[in-house]
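Visitor: would you be able to build a 3D model of this:
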Amino acid sequence: MSNIYLGYHFTIEPKELGSEILVAELGEKAFESFTETENGISAFVKKDLWDENILDDIYILQSEEFKIEYTIEEIDQVNWNEEWEKNFEPIDVDGKCHVRAPFHPKTDAEFDIVIEPKMSFGTGHHETTHMMIQHLLEMDVKGLKTLDMGCGTAILAILAEMKGAEPIDAIDIDNWCYLNSIENAERNNCKHISVYEGDAALLAGKSYDLIIANINRNILLNDMQSYVDCLNKNGIILFSGFYEEDIPFIDASCTEKGLTYVKKLQRNNWVSLKYVN
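Guide: Got it, this is the predicted structure:
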């Protein structure tokens, strides 16, 4: 089989939510790797597996809620490490947590997280992941039964274990995220993380002391009752994945279900909220 790839370079508005949806849809096709770019994503498919109708039933490309444009280029012998070295910068959070790829040098940060670079969502570049890391760094999570909902690359579950949380469930609806989370947990020598593929339906009958949910506004609102139902008394829940203007909707749902607001973090227009049960 040939090693020639086609690279699709997408510009997406709004970028964050649009990129997540597009990657999920493209992942159902023959696309096998994705990188985040300044204005969207690049997606790569082997030329042997490509056909001219590959984007025909990608729903988001027809949606009026998103503006998406793309160009295509043919790439010979893709060097994925090289692609990632161009697109993936290590992340330093408050000097305490360092998120890096295997080809980046280790630092003396207290928490050193190594993520195998295949795609960049959840790698801390996004303001939302950065803020969730900040929350966890401030907290004593030792011995807390923890849920990382919409775990992506499992960075937050990995940091929670490094800080003493156990046991930890990491859940994502996306098959790529499920497989990559398993790989990343093993890479960081985690012993207390169980990874599951699915959605909030998996939470029935579960209970947690700490819930981490970095998803998006609509899913958070839709699944809020499921989160609250499995949060123990005095349990803590961390939310992110939405904008400052979304706060009234998230807060109304939390308050209605008996949660008490504790704290807000903000980076640019993105926010992260902390509540207690």
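Visitor: find the nearest non-adjacent residue to residue 180, please.
Guide: Closest residue to residue 180 apart from its sequence neighbours, by CB to CB, 6 or more residues apart in numbering: residue 153 at 5.6 Å. For the C-beta atoms, the positions are set from N, CA and C on the backbone; glycine is no exception.
Visitor: residue 40 is in contact with residue 11, correct?
Guide: Yes - shown here, residue 11 and residue 40 form a contact pair, counting by CB atoms under 8 Å, at 4.6 Å.
Visitor: between these two, which contacts overlap?
Guide: Taking CB atoms under 8 Å, 6 or more residues apart in numbering as the contact rule, the neighbours common to residue 11 and residue 40 are residue 68.
Visitor: who has more neighbours out of these two?
Guide: Per other CB atoms under 10 Å, whichever of residue 11 and residue 40 has more neighbours is residue 40, with 20 against 16.
Visitor: what residues does residue 188 make contact with?
Guide: So residue 188 contacts 113, 114, 158, 161, 162 (CB under 8 Å, 6+ apart).
Visitor: repeat that for 6 Å
Guide: Counting by CB atoms under 6 Å, 6 or more residues apart in numbering, residue 188 makes contact with residue 158.
Visitor: ok, it to residue 35 distance?
Guide: Look at residue 188 and residue 35: by CB to CB, to the nearest Å, they are 22 Å apart.
Visitor: show me where pLDDT drops low in the stretch 1-150 of the chain?
Guide: Low-confidence segments of the stretch 1-150 of the chain, defined by pLDDT under 70, span residues 1-3, 77-87, 117-125.
Visitor: show me where the stretch 1-150 of the chain has its helices.
Guide: 15-26, 80-87, 127-138 (DSSP state H, counting those that start in this stretch).
Visitor: any chance of CSV for these, columns distance to residue 93 and mean neighbour count?
Guide: Output for the helices of the stretch 1-150 of the chain, formatted as CSV (distance: least, CB to CB, whole Å; neighbours: other CB atoms under 10 Å):
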stretch, distance to residue 93, mean neighbour count
helix 15-26, 19, 20
helix 80-87, 19, 14
helix 127-138, 5, 21
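Visitor: would you list these in JSON lines and tack on distance to residue 207?
Guide: As requested, the helices of the stretch 1-150 of the chain are arranged in JSON lines below (distance: least, CB to CB, whole Å):
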{"stretch": "helix 15-26", "distance to residue 207": "28"}
{"stretch": "helix 80-87", "distance to residue 207": "38"}
{"stretch": "helix 127-138", "distance to residue 207": "20"}
